[in-house]
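Colleague: Build the 3D model from these lines:
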Amino acid sequence: MGFPAPYAQGATQLYRRITDAMVEWLRHEIISGRVRPGQWLRQEDLAARFETSTMPVREALRALQAEGLVTVYPHRGAVVTALTADEILEVYEIRATLEAMAAELGVPGLDSSQLEELSRCVDVMEQAEIDVVALIDANRRFHSIIYEASGRKRLCDLIVTLRNSTQHYLHTFVTLLGRMPDANAEHRQILGACRARDGKLASEVLRRHHAQVGHDLSEYVRKYG
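Modeller: The predicted model follows:
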């Protein structure tokens, strides 16, 4: 017969909140590098952590699979998606094209408050002693501000999906090196282009930036796995 409507609605809202919280927490754990590529995610462990059944766990894992962060194997479970060096290089090649487009469209529309925020992001990234998660978060925020100014939601959503699919590798890479190679100078160049409202220059620097990071990251994975 089921629950009366008010109770059913409340149960559905609680289920959704648990699922959303689990997606957000797992995404952060993966992107921050706390859960590594190739690591299995046991539904029973996750359900126990959130004090819930395995149903919202399965839904959360499916949502993360749609983002490319998790691979779900029927009757076997889920694992944090592991990419080959060639796959990482391909992702960055695609990102270079899409993000260059978003930058060219977005830079002319940046306002003064957005430029100030971009400057703060660059300052954070340039600090010598910094938590890697904070560095990567500032990097994500820097790029997002520029792209969102384009007003192209589907383009921005696709960029986020591609970024998330390799972000857990980037964390390990930056941790090893202590920084992103040559990224500080490139971010300063992009910031200068933004201040000049020069979308074409920002686009060109971004394309080179992603090509270099993609190459370095894929070589790291090729060497260390």
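Colleague: give me every residue that touches residue 18.
Modeller: Counting by CB atoms under 8 Å, 6 or more residues apart in numbering, residue 18 makes contact with 50, 52, 56. Every C-beta, even on glycine, is put in place using the N, C-alpha and C of the backbone.
Colleague: separation between it and residue 80?
Modeller: 21 Å (CB to CB, to the nearest Å).
Colleague: wait, isn't residue 124 in contact with residue 134?
Modeller: Yes: Residue 124 lies in contact with residue 134 (CB atoms under 8 Å); the separation is 6.6 Å.
Colleague: more neighbours, these two?
Modeller: Neighbours were counted for residue 124 and for residue 134 using other CB atoms under 10 Å; residue 124 has more, 16 against 12.
Colleague: Need phi/psi at the more buried one.
Modeller: phi -60, psi -50 (degrees, to the nearest 10).
Colleague: which secondary structure element contains the residue nearest to it when sequence neighbours are not counted?
Modeller: Nearest residue to residue 124, sequence neighbours excluded (CB to CB, 6 or more residues apart in numbering): residue 138, at 4.0 Å. Secondary structure assignment for residue 138, by DSSP states H and E: helix 132-148.
Colleague: picking that back up, ok, the residue nearest to residue 124 - contacts?
Modeller: Contacts of residue 138 (CB under 8 Å, 6+ apart): 121, 122, 124, 125.
Colleague: Could you work out the most separated pair of those residues?
Modeller: The distance between the two most remote of the contacts of residue 138 (CB to CB) is 7.3 Å, for 122 and 124.
Colleague: neighbours of residue 172, just the number please.
Modeller: Neighbours of residue 172 (other CB under 10 Å): 17.
Colleague: Please compute how far the helix holding residue 138 lies from its chain's middle.
Modeller: In terms of CA atoms, centre = their mean, to the nearest Å, the centre of helix 132-148 is found 9 Å from the chain centre.
Colleague: now the angle from the helix or strand following that helix to helix 132-148?
Modeller: Next along the chain after helix 132-148, taking DSSP H and E as the criterion, comes helix 153-177. Interaxial angle, helix 153-177 versus helix 132-148 (axes from the mean of the first three to the mean of the last three CA atoms, to 10 degrees): 150 degrees.
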